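> Task: produce atomic coordinates for the following.
(chains A and B)
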Amino acid sequence: MTDAEVMECLARGRQGDEKAILELFHYMYPHVAKLVQANLPARESAEDLVQQACIKVMAKLNQFSGKVPFLHWVSRIAVNTCLNQIRHEKRRPEVRLADLSEDEATVVEHLASSPGELDASEQVASKELVDKLLGSLRPADRLLMRLMYLEGRHVDEISSLTGWNRSLIKVRAFRVRGQLRRRYSLLLKENP
Amino acid sequence: MNPIDDQLNRLFRAAAQGIAGQGQSDLVSSPAYGLETRVIAAWRAAQSAETGFWDMTLLVRGLILASLIMVVSFWPALTSAESTTTNPFAEYLQLTDSTVPSDDAP
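Below you'll find the predicted structure:
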C-alpha cells in the first residue's frame, strides 16, 4: 500500500467507511506485531502488547498528517508502547557463566577460540545468550541495542522510531557497547 | 579491532540470523480474535471524542451568546431603574424633608 493509498483510506475512514479503516489495520498489523515481538519486555505477553499498540495507533489515526510515511509513524507508536512497558521492568543481575545453558556456554567458547562466524546450529543459543546479556542493561539501552545490532537499523531510523536525537543515540550506543564489552569479558574470564 | 568487539559482533550477527530464521509466528500472520472489533471501537471512540470536543465548544459559544442577549435585553430595565434615583420629584421630596427640624432644641 502506498502512502497515497493510505491517505485515501484515511479520508474514506473519516467519512465513516469502516472497511477502509480495517484495510489500514490489516496493512499495518504484521509490521506492528514484528516490532513488538522483537522488542518485547521479558514478562509481557506479546499478544496483549500488540493489541495495545494497534489500539493506540487506531485511536491516534486522525492525527496522522502524512508528513512521514505511514509505517514509520505506526512504528514509532509501537516502539514507544514497548518502551513504556519495559521501563517498568527491573534489570536482571549481571550474567555469570553458571547462568548459561550448555549451548550458550559452547557459543562463548567457540567465539573465543575460532575467528570465524558461528554455525547455523548455534544461532538459537546465540540469540538466547544475547537476550541474557541485554537483560542486564537498562530498558532504553536494551531497546537501542536490539534496534541497532539485531534489527540492523541505522541511527536515523532509530531516531525516527524513538524520537531520540542522533547524538544521544550515538553517545548511548557507545556507552552501552562499553557495558556489554565489560560483561562479556567477565564471562570470558570465568570460562576456563 | 578489539577481540572482544569482534566476538560481540559475531555473536550479534548469529543472533540476528537466528531471529530471521525463526520465520513468521502465528501472532504476526493473523490478528488475535476480536482485535478487529476492538480496533474499530477505538477508532470510533477517537472520532466521537473529537465530535464531543466540537459539541462542547458549540455549547460554550451558545452560553456566551445567550448571556449577551440577556444583558442586552435587561439593559433598558437597568437604565430606567437608575433614572428613578435622578427623578426631580425625588429630589424635591428630599429637600422638603431636610427643612423639617430634626431636634427639639429651643
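> how many neighbours does residue A:21 have?
Using other Cβ atoms under 10 Å in any protein chain shown, residue A:21 is surrounded by 24 other residues. (Glycine included, C-beta is placed from N, CA and C.)
> Report the contact partners of it.
Neighbouring residues of residue A:21 by Cβ atoms under 8 Å, 6 or more residues apart in numbering or on different chains: A:9, A:13, A:58, A:61, B:39-40, B:43.
> Same list (the residues you listed) but as JSON lines, adding neighbour count, distance to residue A:22 and pLDDT.
Below are the contacts of residue A:21 laid out as JSON lines (neighbours: other Cβ atoms under 10 Å in any protein chain shown; distance: Cβ to Cβ, whole Å; pLDDT from 0 to 100):
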{"residue": "A:9", "neighbour count": "22", "distance to residue A:22": "9", "pLDDT": "85"}
{"residue": "A:13", "neighbour count": "22", "distance to residue A:22": "9", "pLDDT": "82"}
{"residue": "A:58", "neighbour count": "24", "distance to residue A:22": "10", "pLDDT": "86"}
{"residue": "A:61", "neighbour count": "24", "distance to residue A:22": "12", "pLDDT": "83"}
{"residue": "B:39", "neighbour count": "25", "distance to residue A:22": "8", "pLDDT": "84"}
{"residue": "B:40", "neighbour count": "16", "distance to residue A:22": "7", "pLDDT": "86"}
{"residue": "B:43", "neighbour count": "23", "distance to residue A:22": "10", "pLDDT": "83"}
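> which SS class is residue A:83?
The three-state assignment at residue A:83 reads helix, by DSSP: H, G, I helix; E, B strand; the rest coil.
> That one against residue A:138, yeah?
No: the criterion here is Cβ atoms under 8 Å, and residue A:83 misses it with residue A:138 at 11.2 Å.
> Same drill for the two, tell me which one is more crowded.
For residue A:83 versus residue A:138, the count of surrounding residues by other Cβ under 10 Å is larger for residue A:83: 18 against 15.
> State the pLDDT value of that one.
We have a pLDDT of 83 for residue A:83.
> contacting residues for it?
A:39, A:139-140, A:143, A:162.
> And those residues, which two are furthest apart?
A:139 and A:162 (11.9 Å; Cβ to Cβ).
> mind listing which of the contacts of residue A:21 are in helices?
A:9, A:13, A:58, B:39-40, B:43 (DSSP state H).
> residues contacting residue A:116?
Residues counted as contacts of residue A:116 (Cβ under 8 Å, 6+ apart): none.
> ok, for residue A:52, nearest residue in space, not its chain neighbours?
The shortest distance from residue A:52 to any non-neighbouring residue, by Cβ to Cβ, 6 or more residues apart in numbering or on different chains, is to residue A:81 (5.8 Å).
> Nearest spatial neighbour of whatever residue of chain B ends up closest to chain A, chain-adjacent residues omitted?
Nearest residue of chain B to chain A, counting by Cβ to the nearest Cβ: residue B:18, 3.3 Å away. Distance criterion Cβ to Cβ, 6+ apart; nearest residue to residue B:18, sequence neighbours excluded, is residue A:123 at 3.3 Å.
> count of residues packed around that neighbour?
Residues contacting residue A:123 under the criterion other Cβ under 10 Å number 21.
> isn't it right up against residue B:12?
No: using Cβ under 8 Å, residue A:123 is not in contact with residue B:12, being 11.4 Å away.
> quick one on the thing from earlier: how about the residue of chain B closest to chain A, what does it touch?
Per Cβ under 8 Å, 6+ apart, neighbours of residue B:18: A:123-124, A:126-127.
> Helix or strand for it, just tell me which one.
Using DSSP states H and E, the secondary-structure element containing residue B:18 is helix B:3-21.
> circling back: OK, contacts around the residue nearest to residue B:18?
Here residue A:123 is in contact with B:14-15, B:17-18, B:21 (Cβ under 8 Å, 6+ apart).
> Just the buried ones among these, please.
B:14-15, B:17-18 (16 or more other Cβ atoms under 10 Å in any protein chain shown).
> what number of residues lie near the closest residue to residue A:28 other than its chain neighbours?
The spatially closest residue to residue A:28, leaving aside those adjacent along the chain, is residue A:74, at 4.7 Å (Cβ to Cβ, 6+ apart). Here the count is done by other Cβ under 10 Å, and residue A:74 has 25 residues near it.
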